[in-house]
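Undergrad: Let's see this in three dimensions:
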Amino acid sequence: GWSAMERQLVVFELGNEHYGVDIVAVESIIKMQPITAVPHARDFVEGVTNLRGTVLPVIDLRKRFGIETREADRNTRIIVVSLNDIKVGMIVDSVSEVLRIAEEAVEPAPPIVLSVDSTFITGIAKVDERLIILLDLGKVLSIEEQKELAAAAY
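TA: Take a look at the predicted model:
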């Protein structure tokens, strides 16, 4: 049965890991599209793109997490999320599914195993044989970085 202690996650891949973000934060998922570089931006900021008439700042999550970058391919997606008051696109290798998980399936993340900065991570969900790293999108970018991105969008 459905319980209130259940979350719906958008699951995506980055490198060899599966990550999950709360579906409530996700506005849309789009295919890779042309991105215009922004001068003086941080290295993980790919630039801006036009999303249905609005200027959307786009970050490369591989760069943000310090994972080796690679060429975009037909599976590459941009996940459009709302962070506080700004919309940001996040480039990921692929989006695999939307998953319901029970709150019980989530465990705190052991600091040792994390290849990415642990401040982003709220826990790890065990689903069948897979481990899905749960991200707190609000923490993926610092407040300062969010302000910079908002500035880039105008």
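
Undergrad: Tell me how far the helix or strand hosting I59 lies from the chain's centre.
TA: Using DSSP states H and E, I59 maps to strand 54-60. Strand 54-60 has its C-alpha centroid displaced from the chain centroid by 13 Å (CA atoms, centre = their mean, to the nearest Å).

Undergrad: now the helix or strand that it is followed by: mean pLDDT?
TA: Where DSSP H and E defines the elements, the next helix or strand beyond strand 54-60 is helix 61-64. Summarised as a single mean, pLDDT over helix 61-64 is 92.

Undergrad: Go ahead and confirm V45 touches A152.
TA: Yes - if you go by CB atoms under 8 Å, V45 and A152 touch, sitting 7.0 Å apart. (Each C-beta comes from the backbone N, C-alpha and C, glycine too.)

Undergrad: So for these two, which residues contact both of them?
TA: 38, 57 (CB atoms under 8 Å, 6 or more residues apart in numbering).

Undergrad: Identify the bridge partners of the closest residue to A37 other than its chain neighbours.
TA: Distances taken as CB to CB, 6 or more residues apart in numbering put G47 closest to A37, at 4.3 Å, once the chain neighbours are dropped. Counting by DSSP bridges, G47 is bridged to V58.
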